[in-house]
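In: got a predicted structure here, sequence first:
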Amino acid sequence: MKASSAERVKDVISYTYVLLISGLLLLPFTVILMRSLTATLPDGSTTFSIKAYFDIIASFWPKVYLSLSIAITTIIIDTAIGVPAAYALVRYNFRGKKTLFTMLNGVWYVPGICYALSLIITYYFLYKWFLGYWGFIAAYTCGFLMLMLMTCIVAFRYVDPCYEESATCLGAGRFATFFKVTLPMVGPGVSAGILLTFVLSFNEFITALLLNLATRLQTAPVRVYADITRARVLPSISAEAAVLQLISLAVVLVYLKVVGTKYLRGVVLI
Amino acid sequence: MTTNERLKPLALLTPAIALEVGLFFVPVGILAIASLTFRDSFFFTPVWTLSNYANIFSNAYAFDFEITFGLITLAAFLDLMLGFPFAYIMTRRIRKYQDVFRAIMLVPLFGELYIAYGFYYLFFPGGPLSFLFASGVEMFRALYSLPAAVIALAIYTFPFSVYNIGISLQGIDRSIEESARCLGAGSIRTFVNVTLPMCIPGIIGAWLVSIGWGLGAFAIPILMGGAVVAERMLSVEVYSMALLRMDFGMASAIGVILAVIAVIIFYVSLKASRGALI
Amino acid sequence: MTRVVAKDISKLYGATKAVYRAHLEAKDSEFVTILGPSGCGKSTTLRIIAGLIRADEGRVYFDDKDVTDLSPNRRNIGFVFQRVALFPHMNVRKNIAFGLKARHCSDEEIARKTKEVLSIVQMEGYEHRAPSQLSGGQAQRIEIARVLATDPDVLLFDEPLSNIDAKLRDELKFEIRKIQRETGKTMIYVTHDQGEAFAISDRIYVMSQGIVEQVGTPTELYTDPSTPFVASFIGQNNFVTGTVKTADPASDTGTILAGGIEIHTHIPHEHALGDKVTACIRPEDIEILPEARQGSKGATRARIVESIFLGNTTRLHVDANGTILKVDLRGPERFSYLNAAGKDITLDLKKCSVIRAE
């Protein structure tokens, strides 16, 4: 009995600590959300209101749409490129595989601003046709490919080769095996990569900022930043930030409800 | 299908390789070349010079390096102090609601910008914490102060740090700890003499990973740093040099140095924690 | 109903010889087993026959047709893995239909075949179960049904019972044998379990470190091991190394002097006088001589060092002039030696096989 009460104390401490840290992690989000739900009355006092959200619809929605469009295009291209690449890296053995993998990971480790700067210099100098919508896509597909690769590699590792071998021995050719056996089994893992790519590309700021100056295209996060520097902390600006975060949160929650955290472990979660 | 056909894998990898080469190696190469040019001469007729690097390695930038690394390292330590117990509890103690807390850990990934903005608003004159301070001047100093920036940075890099420590903890064979207990060691002694030493590579890796990601922090210093800090953080310098002063040469040089340092730090952290990447 | 020949197969991984110059033949409707410890190359050989691995040297023939360059899906084989490889995202019916769909069979044919194979493996009614709802043994049965459905020419089973509980393993191996008999398909079976191999095989190839050590029927392998490895891998053996002291070519008998004992036994031609040889005597082949015969030629005196009662056997460790031998007693005799440590006895060692010493 004494042992179990010591255990209970430890449990209380553990949960409390984790809750405190979670509170800290959620603090910025909560603050922004609360601010977005206020409005100032003519007499100077503040009150609860969702007016801010309606105010921004007209001006902000196009930006959100642009961000969504960029994110989805990036996901489609990265999936098409990343899934076969991950398959090759997991199922085949060849010389230089490790170096190739390290090479493909390079983008992730270079600080965002350095990569962003290199991109716009290159766009101006070399890839002039990228000074527009496709410049975003190009930057993001390369920048987030590694995310897709990592999750797909983990997903393919989950799938024992014996299933594919079984399919071949039963008479299925390469395509049939891939589409009927491998893909269904790997799908959930790939979905983790899609989730992460969406969240990170939808909210991406640094490259978007530099590209905004170069192309006049303004994605949602950049719009939020511009508004902050212009008008500081109005509820409407908080509403914009809150909308972006809420969209991201909604996508994450839906994913976690449907698929769970299984495929994110080993990539970003313990 | 574990045969060694050499063409197949290459065909599957070509798009990825092409993408990387065209949109990473080429731009980075061009960045390096641009760093050797004077001001914006890269776009016209390049004037080659090493003055950008000479500048960086001179005293002029010493303070910037101090501020940048000082802030980031402090944030990394904060991550360790807060993150280690968190990782330990998540991997060892918590059974229920694990997925909820995992989901919460994903939130900082949404964006540095929101963390920065949240803290910005928190410390803004007339904002929610204003009642803590008597005068407005006090507020500004708090807003544009190091502690707030450090905390924000720590929150930003928290998921990566915890991931590293967590992987390291999960890799520890429980039976080793259990043997220690059977040999008579109490929980604390087991922890200090057995668990902790086995985590050290992971801890070092996590600290380095926080620093690596911190080097890329941009929105936080720009929004929260204030006159002193914002202009002096290296990542913001790259931005302001390039787009406010049009000195692409200098910006590229700082960019190259930052990138090199970051890559080295990540490489070392990988070696330290043996593989925990992101 | 197909004859399989794997001719001089070699496979190297770097400097390691996974399989080296292995030659294997399975006749029409024969049940051939490749037996050996882990890492001996048996799975590699099977996979080469299946086409999952490309051999570095050698060819594979199905009935005089060279299939070496064909991928597995063109060889019409039935491969069963060690791990249950039922597709988790399909139910039993779809799993079984998979191979048939790949051959573009009609829906009715698929339905008919499914019923047929499920009844062969005695799993009727399981069509709509998901693999996760099946126990290990049930899953393995469905796996067998799945490969039977496509009417393969050759069955290739890679340690299918390794992950099954011991008791079920016993039943299943006989079922596998029964199915093979009934369908008449040529079977090449891989296992590390000697008892399993002996129970169900027509012929066994014993492999070690990539090389085929010996091939023969279970009886041949047991009574006549030709290499030290086979002698020690199959059953239990006492090994006594010495030299040929006398040899009578007419009757093929002679004596071996080894470590203080003299063994009178059958000595094959190839061992001449003075050759270094190893005598392999099985513990159950050593006879304890009653008093009446203790003076006969070839009788060896020994002292019991330890006596262990194992239930259906009593194992004695005896010291014969410095050489320790294991003696197994079966039947009622085993109760007579329960606490016999220190007792002196006389042994008859003539039932041994003689191989060249390493």
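Out: Done, it's in.

In: burial count for residue C:124?
Out: Residue C:124 has 10 neighbours, counted by other CB atoms under 10 Å in any protein chain shown. No exception for glycine: its C-beta is placed from N, CA and C like everyone else's.

In: typo on my end, it should be residue A:216
Out: Neighbour count for residue A:216, taken as other CB under 10 Å: 9.

In: check the gap between it and residue B:246 for me.
Out: Using CB to CB, to the nearest Å, one obtains 18 Å as the distance from residue A:216 to residue B:246.

In: so is whichever strand or helix holds residue A:163 next to chain B?
Out: Assigned by DSSP states H and E, residue A:163 belongs to helix A:161-169. Yes. Using CB under 8 Å from any CB of the partner chain, helix A:161-169 reaches chain B at A:161, A:164, A:165, A:168.

In: correct me, but the second one touches residue A:177?
Out: Yes. Under the criterion of CB atoms under 8 Å, residue A:164 makes contact with residue A:177 at 5.5 Å.

In: what does the helix holding residue A:163 rub up against?
Out: Helix A:161-169 is contacted from outside by A:91, A:176-177, A:180-182, A:185, B:1-2, C:50, C:52, C:71-73, C:77-79, C:81, C:83, C:85, C:87, C:98, C:147, C:156, using CB atoms under 8 Å, 6 or more residues apart in numbering or on different chains.

In: can you select the buried ones from those residues in PyMOL?
Out: A single PyMOL command selects the buried members of the contacts of helix A:161-169 (16 or more other CB atoms under 10 Å in any protein chain shown):
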select buried, (chain A and resi 91+176+177+180+181+182+185) or (chain B and resi 1) or (chain C and resi 50+52+71+72+73+77+78+79+81+83+85+87+98+147+156)
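
In: got a list of what the residue in the stretch 201-350 of chain C that chain B sits nearest to touches?
Out: Taking CB to the nearest CB, chain B has its nearest neighbour within the stretch 201-350 of chain C at residue C:210, 18.0 Å off. Contacts for residue C:210 (CB under 8 Å, 6+ apart) come out as C:17, C:18, C:19, C:20, C:22, C:40, C:41, C:44.

In: for residue C:13, see how far away it is.
Out: 10 Å.

In: per-residue confidence at the closest residue to chain C within the stretch 1-150 of chain A?
Out: Nearest residue of the stretch 1-150 of chain A to chain C (CB to the nearest CB) works out as residue A:93 at 10.2 Å. On the pLDDT scale, residue A:93 is placed at 76.

In: secondary structure class for it?
Out: coil (DSSP: H, G, I helix; E, B strand; the rest coil).

In: follow-up on the earlier one: CA atoms only: put the helix holding residue A:163 into PDB for me.
Out: Output in PDB follows, covering the C-alpha atoms of helix A:161-169 (Å, rounded to 0.1, in the frame of the first residue of the first chain):
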ATOM      1  CA  PRO A 161       9.600  -7.600 -48.100                       C
ATOM      2  CA  CYS A 162       8.000 -11.100 -47.700                       C
ATOM      3  CA  TYR A 163       4.700  -9.600 -48.800                       C
ATOM      4  CA  GLU A 164       6.000  -8.400 -52.100                       C
ATOM      5  CA  GLU A 165       8.000 -11.600 -52.600                       C
ATOM      6  CA  SER A 166       4.800 -13.500 -51.900                       C
ATOM      7  CA  ALA A 167       2.900 -11.600 -54.500                       C
ATOM      8  CA  THR A 168       5.600 -12.200 -57.100                       C
ATOM      9  CA  CYS A 169       5.700 -15.900 -56.400                       C
END
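
In: pull the distance from it to the chain's centre.
Out: Chain-centre distance of helix A:161-169: 33 Å, with CA atoms, centre = their mean, to the nearest Å.

In: do stretch B:52-60 as well
Out: Averaging C-alpha positions (CA atoms, centre = their mean) puts stretch B:52-60 24 Å from its chain's average.

In: what's that stretch in contact with?
Out: With CB under 8 Å, 6+ apart, stretch B:52-60 has contacts from B:35, B:36, B:38, B:61, B:249, B:250, B:252, B:253, B:254, B:257.

In: inside helices: which ones of those?
Out: Assignment to helices by DSSP state H places the following of the contacts of stretch B:52-60 there: B:249, B:250, B:252, B:253, B:254, B:257.

In: now these in JSON lines, with pLDDT and neighbour count?
Out: Output for the ones in helices among the contacts of stretch B:52-60, formatted as JSON lines (pLDDT from 0 to 100; neighbours: other CB atoms under 10 Å in any protein chain shown):
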{"residue": "B:249", "pLDDT": "88", "neighbour count": "27"}
{"residue": "B:250", "pLDDT": "88", "neighbour count": "25"}
{"residue": "B:252", "pLDDT": "91", "neighbour count": "27"}
{"residue": "B:253", "pLDDT": "91", "neighbour count": "27"}
{"residue": "B:254", "pLDDT": "91", "neighbour count": "28"}
{"residue": "B:257", "pLDDT": "92", "neighbour count": "20"}
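
In: need those residues in CSV (columns: distance to residue B:23).
Out: CSV is the format used below for the ones in helices among the contacts of stretch B:52-60 (distance: CB to CB, whole Å):
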residue, distance to residue B:23
B:249, 22
B:250, 24
B:252, 17
B:253, 22
B:254, 22
B:257, 22
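
In: about what we covered before: is any residue of the helix or strand immediately after the helix holding residue A:163 in the chain near chain C?
Out: Per DSSP H and E, the first helix or strand lying C-terminal to helix A:161-169 is helix A:174-177. Yes. Helix A:174-177 comes into contact with chain C (CB under 8 Å from any CB), by way of residue A:176.

In: quick one: contacts of helix A:174-177?
Out: A:164, A:167, A:168, C:102.

In: again, only using 6 Å
Out: A:164, A:167, A:168 (CB atoms under 6 Å, 6 or more residues apart in numbering or on different chains).

In: closest to chain B among these?
Out: Once CB to the nearest CB is applied, the member of the contacts of helix A:174-177 that ends up nearest chain B is residue A:164, at 5.8 Å.
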